[in-house]
Every structure is written in C-alpha cells, then in structure tokens.
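A.B. asks: sequence and predicted model, in that order:
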Number of protein chains: 2
Amino acid sequence: MKKVNLYESGEFGDQSFKRLLVHDSAYFKIINFNFKAGQELPVHAHDIEGQVSLVVIEGEGEFLGKDGAAFPAKPGDVVISDIAEPHGLRAKTDLRLLVTIAPPI
Amino acid sequence: MKKVNLYESGEFGDQSFKRLLVHDSAYFKIINFNFKAGQELPVHAHDIEGQVSLVVIEGEGEFLGKDGAAFPAKPGDVVISDIAEPHGLRAKTDLRLLVTIAPPI
C-alpha cells in the first residue's frame, strides 16, 4: 500500500499548472494537476484506446470539450472521457484535479 | 463524456454504507462509497491481478490493512493497493470515498 495526500503534496505554480505523478503501474496512471485561478489544461486527445477520469478535489472551473464546449466543474465532480475524446479544464479559482488514466499512457 | 457529482448523487444509509456505481467499462470501474460515522468496509482482498485506488473526498477515518493495521484517512488522501492485498476503511465521521479498480472486477 502507498499513500499520498493531495493537499500536502500537490503544489501550485505561478507560471503554469503543476503536475504530481501520484502513481504509475501496468494498471493505471494517477496524476494530480493543480491550477491557480485562470490556468488551463488545454483541450487535447490521444488517438488510443482507454479512458480517463477527472475528479475535482477542490475549486471551481470548467471542463472543456470539443468544438469549444465548456461545462461547470466543482468539487465532487467526476468526469469520464475516452482518451481519444477531446478533454481539458480551465480553473476559475485555485483548483485541485485528480486524473486517472487506464490503461496508463 | 459523462459527469457525476459525488455530493449530489452519493447517498448515506443508516443500516450500512451506501455504494454508487459511477462508471464501469473495459478499462476501470469507479465506485463511490459513503459511510456514516462508525460504518466500515471490512478488510478484504481478491486473489486477482490489478490495483485499486481509494480517494477520500470528505471526512475522517482509518484505512485498514492486513493483520489489524490501521492508519489515518483524511480528505485528499489517495491510497493505492494491489487488489490481492488486504484493504478496507473505517469511518470516524461521515466519509465519502471514491474507489477506482483497474482492470475492472
């Protein structure tokens, strides 16, 4: 067993969002992204099999999708997307996001 | 894309913890467990390949392991365990937990 606390380990950066690799195995990859207000993970997609979950731990913002789609992101939100489907996030306040990718890429 | 909000959809029960299936696919299974103070997911293990992540969304308690091991659980904690390794959780306050299992079982 391994434990990480996102509030203690996850850092924020003035220049761009910060990324903490929480776990990487043959089964899934878990990454914590921390955004300061106004920072953004641009919409992106990878043409491969698999899915990604995006969990908002803290903060408010918008999930981003294809063709400029944007829908509210708030604490407790869990979004599941195919890796091949465009996805991203824009923070309106400081925001902690937990991302799980399976299979890992 | 699919979105679920754990605070809006995840329910608590007086008799035992409640379980919300958030997502199930070929890649991973995502389940939200909600415990009232004092409720417990007993230590268990499955003799199969794969790993599970346990994320404390809200509340305080203890992660449980083999041989009676217990260590603190608080918001922002992410625990990763092999599915074959004994794991469980006991809630000291009302507690929301998000569990991701890969590959799904």
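C.D. replies: All right, it came through fine.
A.B. asks: return the set of buried residues in the helix or strand where residue A:23 lies.
C.D. replies: Here residue A:23 sits within strand A:18-24, counting by DSSP states H and E. Buried residues in strand A:18-24, defined by neighbour count with 16 or more other CB atoms under 10 Å in any protein chain shown: A:18, A:20, A:22, A:23. Bear in mind the C-beta positions are built from the backbone N, C-alpha and C, glycine included.
A.B. asks: for the nearest residue to residue A:12 once chain neighbours are set aside, give its distance to residue B:80.
C.D. replies: Excluding the flanking residues, the one nearest residue A:12 by CB to CB, 6 or more residues apart in numbering or on different chains is residue A:34, at 4.8 Å. Separation of residue A:34 from residue B:80 (CB to CB, to the nearest Å): 19 Å.
A.B. asks: that older thread, and the next helix or strand after the strand holding residue A:23, how far out from the chain's middle?
C.D. replies: Of the helices and strands lying after strand A:18-24 in sequence (DSSP H and E), the nearest is strand A:29-35. The chain centre lies 5 Å from the centre of strand A:29-35; the measure is CA atoms, centre = their mean, to the nearest Å.
A.B. asks: what does strand A:29-35 rub up against?
C.D. replies: A:4, A:6, A:9-13, A:17-24, A:41, A:59, A:61, A:89, A:91, A:94-102, A:104-105, B:53, B:78, B:80 (CB atoms under 8 Å, 6 or more residues apart in numbering or on different chains).
A.B. asks: appreciated, that's everything.
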